[in-house]
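Enquirer: Need the 3D shape of this:
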Amino acid sequence: MIEGALEADGRIAAKNAVKIRAALRELANYKQLFLQYQDTQPVSTDNLAKDRARARAWAIMNVTQLRTEALASALWRMWAEAWVLGDVAAGEWIQRTEELNKADDGYVDWSKWQPGDRAAAIMLKRPKAFQEILDRTNASIKGMTTTSITDIGNALADAVELGLDAERAAVLIGRHVASPARALTIAITEQNRVMSAATIARYKEAELEKMEWHVSDPCAKCAQNANVEVVIGTSFPSGNTQPPAHPHCRCVLLPVIPGMEETDGGIAGATTTPPIASEGVATGSWTKVDEQAWVDRQIAARAKDPRFTDPYNEIQLQILRDQAKDADIYQRGVHILRVDKNLINPPSQQDIQQFMANFDEVYERLPAWRRFDANGVERGYNLIINGEASGNTLAYTYLGHDTVWFSVKDIKTALDAPKDWKGWFMSAANNTNENLYTIAHEFGHTVDSVMNANRGKVSGALRRKYPELFSRYSAKNSKEAYAEVFAEWILGVRNPVTETYAERFGWNLSVADYYSPDNRMVTWKPNARTILLGN
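Expert: Residues are numbered from 1 along each chain as shown. The predicted structure follows:
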């Protein structure tokens, strides 16, 4: 069975992704780069696409010496492990095919398998085909650094738009360049490339002439190769001579033994699942959508967004397709939920369903002007469940933004009973589910605005008068105080603090009142972009 080898491949890729992410963090001094870019006196405009283009151009011209030693070291070790994995797996697949063994117990205990010392031995005594892979190190790193420079440029523009200082900008840039999703994609893709090369080398050593492409969660490109047999060294229908056919591809090559070409998939008991078109699987009020539907939605949204004058280019479209392929995507009206498929310890489907119900409950309590704009068009949220939030971080977003990232840790509390936070969060947190409270808190940040410069004065005055009504977390800064009080208010708590905030920041206003031309309302706009667009 190939499942065991794929399980080992995923486990080893997850381990190597951590090392790759650490190496990507070392590519440059991101704080220094931000300070250098600030010296050019960039000005944030209402056209984010042009701001990013300017920052990317600056990065291409000025970020010329990235520190790639750690990345090269991580790749070499990973390639060696992938070579061993591909060689061992190919040997087992040949044996299974020849014996037509239908037993479920494998020849190799893949659940505990590790490359171990064999990877180090491969580095010392390198087979010719493996040395050819190492010889292409510079080309591999060049592609990764080119993407990194693009990420640095985009992050520089985002940091300027958000008004971040150098320390926080460095964190943002590092998060762009060394995101867990990118590191895992590199690990899986590079491992598969070398694993396939090792597999082919073993098949040649066994004097086999043909091999078969076995798909794993196939995209349209890989699906055309499913169960196709070709002479080793020639191309499959997609034009590829081996996996991967695209980033994050996990397809493998199976042996074709002379005289056994008619057996089921080449390995007794192994089956290939054909691609299934999405039919819109309903989850309560949420519907699971296919990859292309999500991509089409992003294209349509960009076309309506006055901040962008150009449609997505081919590179951006490929990024969208990769994002779609790497996630389970759900939609409820204008809202989108993306659940990363690459989570090491994913939440259960019951947790996700309860998270959806919690979102629905909190969303319906939002001020009308956050749910609808001045023209009555509903304003959606992009919700992302991934493993990026670390430590005690449950979720995060940015002031006035419509995207919220949730950690797996928080989603797994969606079914938990309330608990006593002992004053760390506001009192409402003690009487409600942790995940539901987190959603309410993050929504507080999304209704806040970079224009609310007097937020600190309001918080300070009320804290001095009503210290017992504030939490320890709200003492962190005025933005957290705003989100904490908003969570209290939206969950039904009414006291002098929540009532003052609601009056001062317009939480009680109707859509018509909120978007009235009265100049005093300008500080209550949900974010700076709304003001700049004149809505």
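
Enquirer: In a strand, residue 86, correct?
Expert: No: secondary structure assignment (DSSP: H, G, I helix; E, B strand; the rest coil) places residue 86 in helix, not in a strand.

Enquirer: Give me the distance between it and residue 71.
Expert: From residue 86 across to residue 71, the span is 22 Å (Cβ to Cβ, to the nearest Å). Yep, even glycine has a C-beta here, placed from its N, CA and C like the rest.

Enquirer: The residue nearest the centre of the chain sits in which helix or strand?
Expert: The geometric centre of the chain, computed from its C-alpha atoms, lies nearest to residue 181 (Cα atoms, centre = their mean), at 4.9 Å. In the assignment (DSSP states H and E), residue 181 maps to helix 180-205.

Enquirer: Where does the prediction get shaky in this structure?
Expert: Within the chain, the stretches with pLDDT under 70 are 1-4, 96-111, 216-220, 258-284, 305-308, 387-392, 450-451, 453, 516-535.

Enquirer: and after the helix holding residue 181, which helix or strand comes next?
Expert: By DSSP H and E, the next helix or strand past helix 180-205 is strand 210-214.

Enquirer: gap between that next one and the chain center?
Expert: Distance of strand 210-214 from its chain centroid, counting by Cα atoms, centre = their mean, to the nearest Å, is 31 Å.

Enquirer: in its sheet, what does it sit against?
Expert: Here strand 210-214 is paired, per DSSP bridges, with strand 229-231 (antiparallel), strand 252-256 (antiparallel).

Enquirer: what is the orientation angle of that strand with helix 180-205?
Expert: Strand 210-214 and helix 180-205 are oriented at 160 degrees to each other (axes from the mean of the first three to the mean of the last three Cα atoms, to 10 degrees).

Enquirer: which residues sit against the next helix or strand after strand 210-214?
Expert: Next in sequence after strand 210-214, counting helices and strands by DSSP H and E, comes helix 220-223. For helix 220-223, the external contacting residues (Cβ atoms under 8 Å, 6 or more residues apart in numbering) are 213, 215, 238, 243, 245-246, 249, 251, 274-275.

Enquirer: Please flag which of the residues you listed sit within strands.
Expert: In strands, judged by DSSP state E, the following of these are found: residue 213.

Enquirer: and which of the contacts of helix 220-223 is nearest residue 402?
Expert: residue 246 (29.0 Å; Cβ to Cβ).

Enquirer: Find the nearest non-adjacent residue to the closest one, please.
Expert: Of all residues not flanking residue 246 in the chain, residue 221 sits nearest, at 6.1 Å (Cβ to Cβ, 6 or more residues apart in numbering).

Enquirer: Count the residues that sit near that neighbour.
Expert: Using other Cβ atoms under 10 Å, residue 221 has 16 other residues around it.

Enquirer: which residues in the stretch 401-535 of the chain form helices?
Expert: Ranges of helices in the stretch 401-535 of the chain, per DSSP state H, counting those that start in this stretch, are 408-411, 434-447, 455-465, 478-490, 496-504, 511-514, 528-533.

Enquirer: Point out the one among those that comes closest to residue 158.
Expert: Closest among the helices of the stretch 401-535 of the chain, using Cβ to Cβ: helix 528-533, at 12.9 Å.

Enquirer: Tell me how the chain divides into domains.
Expert: The chain is divided into the following domains under automatic domain parsing: 3-207, 277-331, 333-533.

Enquirer: got a markdown table for the ones you listed, with distance to residue 229 too?
Expert: Formatted as a markdown table, these follow (distance: least, Cβ to Cβ, whole Å):
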| stretch | distance to residue 229 |
| --- | --- |
| domain 3-207 | 12 |
| domain 277-331 | 26 |
| domain 333-533 | 29 |
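
Enquirer: right, and the helices of the stretch 401-535 of the chain - which one's nearest residue 55?
Expert: Residue 55 sits nearest to helix 528-533 of all those, at 17.8 Å, using Cβ to Cβ.

Enquirer: So for stretch 456-470, what gets flagged as buried?
Expert: Buried residues in stretch 456-470, defined by neighbour count with 16 or more other Cβ atoms under 10 Å: 458-459, 462-463, 469-470.

Enquirer: I misspoke; the intended subject was stretch 13-29.
Expert: Quick answer for stretch 13-29 (16+ other Cβ under 10 Å): 13-14, 16-17, 19-21, 23-25, 27-28.

Enquirer: Return the alpha-carbon coordinates of that stretch using PDB.
Expert: Output in PDB follows, covering the C-alpha atoms of stretch 13-29 (Å, rounded to 0.1, in the frame of the first residue of the first chain):
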ATOM      1  CA  ALA A  13       7.800  17.200   5.400                       C
ATOM      2  CA  ALA A  14       6.200  18.700   8.500                       C
ATOM      3  CA  LYS A  15       9.400  18.300  10.400                       C
ATOM      4  CA  ASN A  16      11.500  19.800   7.600                       C
ATOM      5  CA  ALA A  17       9.100  22.700   7.200                       C
ATOM      6  CA  VAL A  18      10.000  23.900  10.600                       C
ATOM      7  CA  LYS A  19      13.700  24.000   9.600                       C
ATOM      8  CA  ILE A  20      13.000  25.700   6.300                       C
ATOM      9  CA  ARG A  21      10.900  28.300   8.000                       C
ATOM     10  CA  ALA A  22      13.700  29.000  10.400                       C
ATOM     11  CA  ALA A  23      16.100  29.300   7.500                       C
ATOM     12  CA  LEU A  24      13.800  31.700   5.600                       C
ATOM     13  CA  ARG A  25      13.700  33.900   8.700                       C
ATOM     14  CA  GLU A  26      17.500  34.200   8.400                       C
ATOM     15  CA  LEU A  27      17.500  35.400   4.800                       C
ATOM     16  CA  ALA A  28      17.800  39.100   5.800                       C
ATOM     17  CA  ASN A  29      17.600  41.600   8.600                       C
END
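
Enquirer: Thanks a lot, see you next time.
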